[in-house]
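S.K.: my questions concern the predicted model and sequence given below.
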Amino acid sequence: MKQALVDDTEDVSLDFGSEEELALRKARIRHPLATFFHLFFRVSAIITYLFCDWFSNSFVACFVTILLLLSFDFWSVKNVTGRLLVGLRWWNQIDEDGKSHWVFEAKRAPTTAASTEAEARIFWLGLIICPVIWTVFFFSTLFSLKLKWLALVIAGISLQTANLYGYIHCKLGGQKSTSRGTSRLFVTADVPKRQTRISEDRTEEYGKTGTR
């Protein structure tokens, strides 16, 4: 498993104003289109699953519509909204030997287009709550013996849990990599001090032996 960190080196000048301005910046949504589509496809899939019998009697039409919405949601969250709203991205790549590697990326440095707290909260709430809802659907279809919907519900759980699993790894991997980087920095900064102490001790011993 391979982890990669994206380090933005752009210079950002922060103008700290009053507490009201800071609160507005935290609550501001900088990517309204991405925020909308982050919730649109997954919420539409849930609503269609609940009320599809009201609009159509065709099981195949409902099945295909919900599966398309789940697929659009998986693609948009994996490739677009995660990168814009929280600065995270994950994917799978195959090397020359044919081995599969999972890559998790996390931006460390804030940029001018960085996400706000409101966007991050919307992203994680939508990412966590919707798989829980599909899990509830799984047990309801199982207990009510509506087995024809079981394959669709399992597909919904699989697609949305995959995104949740990938972004949790991105989040935790970014924090671990940052802590490892700081620990290495402290270790390398402490090495010259130890070397100077050893050299001073050796010179003192050499001086004592020379005077003797």
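M.R.: Looks like it came in fine.

S.K.: in this structure Ser100 contacts Asn92, no?
M.R.: Yes. Ser100 is in contact with Asn92 according to C-beta atoms under 8 Å; the separation is 6.0 Å. All C-beta atoms are positioned from the backbone trio N, CA, C, and that covers glycine.

S.K.: give the contact list for Trp134.
M.R.: For Trp134, the contact set (C-beta atoms under 8 Å, 6 or more residues apart in numbering) comprises 46, 153, 156-157, 160.

S.K.: please, which helix or strand holds it?
M.R.: Using DSSP states H and E, Trp134 sits in helix 117-143.

S.K.: list the buried residues of that helix.
M.R.: Within helix 117-143, the residues scored as buried using 16 or more other C-beta atoms under 10 Å are 118-120, 122-124, 126-127, 130-131, 133-134, 137-138, 141.

S.K.: what's the average pLDDT for it?
M.R.: Mean per-residue pLDDT for helix 117-143: 93.

S.K.: ok, stretch 50-57 next?
M.R.: The model assigns stretch 50-57 a mean pLDDT of 86.

S.K.: now the helices for this structure?
M.R.: 19-27, 32-55, 59-76, 82-85, 117-143, 150-211 (DSSP state H).

S.K.: among those, which gets the worst mean confidence?
M.R.: Mean pLDDT values for the helices of the chain show the minimum at helix 19-27, a mean of 52.

S.K.: no further queries at this time; thank you.
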